[in-house]
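A.B. asks: Please find the sequence and the predicted model below.
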Amino acid sequence: MITGLSPSGARIRGDDYQHLFTWWQALRAVIGASDIIKIGIEDPSAKNADDVTVYMKNGVREYYQAKSSVDARDPVGIMWLMKPSRSGGSSIIQRFYNLWEGEQDGHKPKIILVTNRLPLAGDILSMRDGRDCTIVRHLRSAQPRSKTGSIRRELAKHLGVTESKAVQFFHDFQLWFGITDNLLTDSVRDRMHMAGLRYDEEAIARGVAIVHDWVTGGKREIITAELHQVVEPLKQPDDPPKASILVQAIDRDTIPEAATVVLDWLCLFPGNEPRVRRQASDPTLWNNRFRPELRQAARELRSQGHTHILVKGYMRLSTWFTAGVELGKMAGFEVSSFQGLAAWSSVGNVPSIGIKHTTTTLGFGKDLAVGIALAMDPSADVLTYLRDQRIDVGEYVCISPTSGANNQTIGNAAEARGWAYSVRDSVRRLVLKYEPGQIHLFLAGPHGAILLLGHLWDRMPHTQLYEDLNSPKGYAPSYLIPR
């Protein structure tokens, strides 16, 4: 049996990918106080990177070329960028350089290659910086006789320029690898939610269809005012625009540029993959760097006039909780995060959710330990840890839904809100009963619910959070939330 896409099928798939990416950029122009004045589609002035052109108020242009491979499993290296076209013409990197060098208005453009393919292991492209998506730091710092220094010379020769000029170009040349259809769709969903639009599959398909109509109708430029008109039918009543904060603690987001504020702590969590990144390299980082940066992010968002915040990223539960604390309801914020395909927001009705307590007396001191048992019951591991470490705790209380702790207990945003309010009020009553000097908080639940609980966490004693180490060591302290 013959499998795979025909040439025409591959072209259709590539068009769909480009149209989805164009819609993603169009959404960027309608979120908040955007600096975008218009979007170009298959822009004739872009020539060698004509899929999407973004025109900024300060005169800078961003040129995007979106390339979707039929088989994204085939990785690419620097030689792929230097390979001549099928007709023997200029290579990809030569065409991009000519576009970059040809700008004569005093503003060098940003040129971005977007692809669903991954970089070749060991190739210089695999050294791309996860913060700015360039390889310029490696090219700039390489010693002349090193492997990277040799590549720098080869690139300069290929472009017909000095090594210094080549490095300047690579400062403005970004490589977005691994942007699959699914990842791009998820990011479109985020942006539609941030814009206060419907974000279901039908709405996303409608956005792609709008771009298709622009392209087939020969429309090459759309100003921002027109983009606002285009999205009007997709708006959700009483759903205001949102800013976003992205926290990259145990992994990096493929498209960090989509966020309003980005925090990058990946290098501070040892481990070669997300599942083993559980402890910070230095225990003092939790309260001396991570929490202050979350607080500063909240201040920055507020200074820009944002109070409705989408929280995104790759982080453990104590960071989700602390992000909720710093973006607290009493501070005037509202928060949301995507749990699967649905946004769990702090805004909306609050149903009554039944919870129950299971109390264990330890007698080590006057503090109170609380286990949040939502996805599962952590009590066995928590009690072992508290006893082994002889934490200054008198009582341990496990709080769980009356139906029990499992992944299906909370099914939607409203139930998550109801659960968060019930737990918050329950802990307040426990504080009145036991009068602890400090709460020791252990979390087990979906991140969307934990964010909402942190968002409501006020009028509490000092609260010490813990990270689950998934090892015989049990837990380790993380954030200390002051009274």
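C.D. replies: Sure thing, it's come through.
A.B. asks: and the next element down the chain from the helix or strand containing Trp23?
C.D. replies: Taking DSSP states H and E as the definition, Trp23 sits inside helix 7-30. As assigned by DSSP H and E, the chain's next helix or strand after helix 7-30 is strand 36-41.
A.B. asks: Paired strands for that following strand, with orientation please.
C.D. replies: Using DSSP bridges, the strands paired with strand 36-41 are strand 52-56 (antiparallel), strand 221-223 (antiparallel).
A.B. asks: Single out the most deeply packed of those strands.
C.D. replies: strand 52-56 (a mean of 22; mean count of other CB atoms under 10 Å). Where you see a C-beta, it was placed from the backbone N, CA and C, and this is true even at glycine.
A.B. asks: avg pLDDT for that strand?
C.D. replies: Here strand 52-56 scores 93 as its mean pLDDT.
A.B. asks: Just the CA trace of it, in PDB.
C.D. replies: Output of strand 52-56 as PDB, limited to C-alpha atoms (Å, rounded to 0.1, in the frame of the first residue of the first chain):
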ATOM      1  CA  VAL A  52       3.800  36.800   6.600                       C
ATOM      2  CA  THR A  53       5.200  40.300   7.100                       C
ATOM      3  CA  VAL A  54       4.500  42.200  10.400                       C
ATOM      4  CA  TYR A  55       4.800  46.000  10.200                       C
ATOM      5  CA  MET A  56       5.500  47.700  13.500                       C
END
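A.B. asks: Run the chain-centre distance for it.
C.D. replies: Mean-position distance between strand 52-56 and its chain equals 22 Å (CA atoms, centre = their mean, to the nearest Å).
A.B. asks: Then stretch 449-469?
C.D. replies: 21 Å.
A.B. asks: And stretch 253-269, by the same measure?
C.D. replies: 6 Å.
A.B. asks: Helices of the stretch 351-483 of the chain, residue ranges please.
C.D. replies: 379-389, 413-434, 447-455 (DSSP state H, counting those that start in this stretch).
A.B. asks: what's in contact with the first one?
C.D. replies: Yep, that's helix 379-389 we're talking about. Contacting residues not belonging to helix 379-389 are listed as 358, 360, 362, 364, 369, 371, 373, 391, 393, 396, 398, 440, 442, 468, 474-475 [CB atoms under 8 Å, 6 or more residues apart in numbering].
A.B. asks: Among the helices of the stretch 351-483 of the chain, which comes closest to His138?
C.D. replies: helix 447-455 (33.8 Å; CB to CB).
A.B. asks: all helices for the stretch 201-350 of the chain, in order.
C.D. replies: Under DSSP H, counting those that start in this stretch, the stretch 201-350 of the chain gives helices at 201-216, 224-231, 285, 291-303, 317-326.
A.B. asks: Would you mind finding the most buried of these?
C.D. replies: Comparing the helices of the stretch 201-350 of the chain by mean count of other CB under 10 Å gives helix 317-326 as most buried, with a mean of 26.
A.B. asks: who does that one touch, helix- and strand-wise?
C.D. replies: strand 243-248, helix 291-303, strand 308-314, strand 334-339, strand 438-444, helix 447-455, strand 462-468, strand 475-481 (3 or more CB pairs under 8 Å, 6 or more residues apart in numbering; DSSP states H and E).
A.B. asks: mind redoing it with 6 Å?
C.D. replies: Using 3 or more CB pairs under 6 Å, 6 or more residues apart in numbering; DSSP states H and E, the elements in contact with helix 317-326 are helix 291-303, helix 447-455, strand 475-481.
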